[in-house]
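*Asks:* structure for the following, please:
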Amino acid sequence: MKIIRPKVLIPAWQLERTVINRLERYARVCYKSEENEGAFSDPSFLKTLIARGHESVIEHEKVTALFVIDRGVSHELVRHRIGSYSQESTRYCNYSKGKYGAEITVIEPFFFQDRKAYQIWEAACRNAEQSYLALIAQGCTAQEARSVLPNSLKTEVAVTFNYREWRHFFRLRASAAAHPQMKQVAIPLLLLFQEKLNVLFEDLEYDRAFPAEHYAEIILTDELFR
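*Replies:* Just a heads-up that it's a prediction; the model follows:
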């Protein structure tokens, strides 16, 4: 059994600041004010629109990210209505096969700081793995054997949201009320969005009490989805 930390992979080119220029160009159609900013690079224009709640204009652009999280948290992720999802399927992925190392991969829950609690969790996951592999060995299909897999099972989800939905996602999932493992990925991702596209995300708050040492790794890559 492999135990890993969660992470999010995102193509670097999707967060280029040229998106701000394009969004401003789309938004100025509403006011026929194209002549006011020839280069379409006035950050105050979009800031004002967002502050007024005129967020429909930022629906014209999108970002796709690959979340590597546990299946329990993934159920919250896919509840966001305005989005597209492609998720690792436990119906078709047979983890007894060599391509998976003939084992399952689980996401480590950072909140089990007490060693005894951690050992109980780890033992439960190993028991689930043994039961899963035993069912496969008995001739069960992957979609049948998955019944014993834990919520901690690693899953990969390709997620596409437009920028308005990303704002909605961060409001809910980076807040103090969010699930700890959701905050683990949502907060560092929001911080990245604020760094790269501050005009669109700088006004959003997050749970500042959440320990930074538990932030998931956010990987900017030029290879993903090309």
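
*Asks:* mind listing the strands in the chain by residue range?
*Replies:* Using DSSP state E, the strands of the chain run over 2-4, 7-11, 62-70, 84-87, 105-107, 154-162, 217-221.

*Asks:* which one of the ones you listed is the most hemmed in?
*Replies:* strand 105-107 (a mean of 23; mean count of other Cβ atoms under 10 Å). C-beta: built from backbone N, CA, C; applies to glycine.

*Asks:* next one: that strand to chain centre, how far?
*Replies:* Here strand 105-107 is found 16 Å from its chain centre; the criterion is Cα atoms, centre = their mean, to the nearest Å.

*Asks:* stretch 170-179: how far from the chain's middle?
*Replies:* Worked out by Cα atoms, centre = their mean, stretch 170-179 lies 13 Å from the chain centre.

*Asks:* just name the shakiest helix or strand of this protein by mean pLDDT.
*Replies:* helix 43-51 (a mean of 87; mean pLDDT, DSSP states H and E).

*Asks:* okay, buried residues for that one please.
*Replies:* 45-46, 49-50 (16 or more other Cβ atoms under 10 Å).

*Asks:* report all helices and strands that the biggest helix by length in the chain contacts.
*Replies:* Ranked by residue count and defined by DSSP state H, the top helix of the chain is helix 115-137. Counting contacts by 3 or more Cβ pairs under 8 Å, 6 or more residues apart in numbering; DSSP states H and E, helix 115-137 packs against helix 142-145.

*Asks:* relative to its centroid, which residue of this structure is most remote?
*Replies:* residue 35 (38.2 Å; Cα atoms, centre = their mean).

*Asks:* skipping adjacent residues, who's closest to residue 121 in space?
*Replies:* residue 112 (5.5 Å; Cβ to Cβ, 6 or more residues apart in numbering).

*Asks:* OK, contacts around the residue nearest the centre of the chain?
*Replies:* For the chain, the residue nearest the mean C-alpha position is residue 67 (4.3 Å; Cα atoms, centre = their mean). By Cβ atoms under 8 Å, 6 or more residues apart in numbering, residue 67 lies in contact with 6, 8, 74, 77, 156-159, 185.

*Asks:* quick one: contacts for the nearest residue to it once chain neighbours are set aside?
*Replies:* The shortest distance from residue 67 to any non-neighbouring residue, by Cβ to Cβ, 6+ apart, is to residue 157 (4.7 Å). Contact analysis of residue 157 by Cβ under 8 Å, 6+ apart lists 66-67, 69, 74, 77-78, 85-88.

*Asks:* please save the CA atoms from the least confident helix or strand of the chain in PDB.
*Replies:* Only the C-alpha atoms of helix 43-51 are listed here, as PDB (Å, rounded to 0.1, in the frame of the first residue of the first chain):
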ATOM      1  CA  PRO A  43      -6.900  46.200 -13.800                       C
ATOM      2  CA  SER A  44      -9.100  48.700 -12.100                       C
ATOM      3  CA  PHE A  45     -11.900  48.100 -14.700                       C
ATOM      4  CA  LEU A  46     -12.300  44.400 -13.800                       C
ATOM      5  CA  LYS A  47     -11.800  45.100 -10.100                       C
ATOM      6  CA  THR A  48     -14.700  47.500 -10.200                       C
ATOM      7  CA  LEU A  49     -17.000  45.000 -12.000                       C
ATOM      8  CA  ILE A  50     -16.200  42.200  -9.500                       C
ATOM      9  CA  ALA A  51     -16.800  44.500  -6.600                       C
END
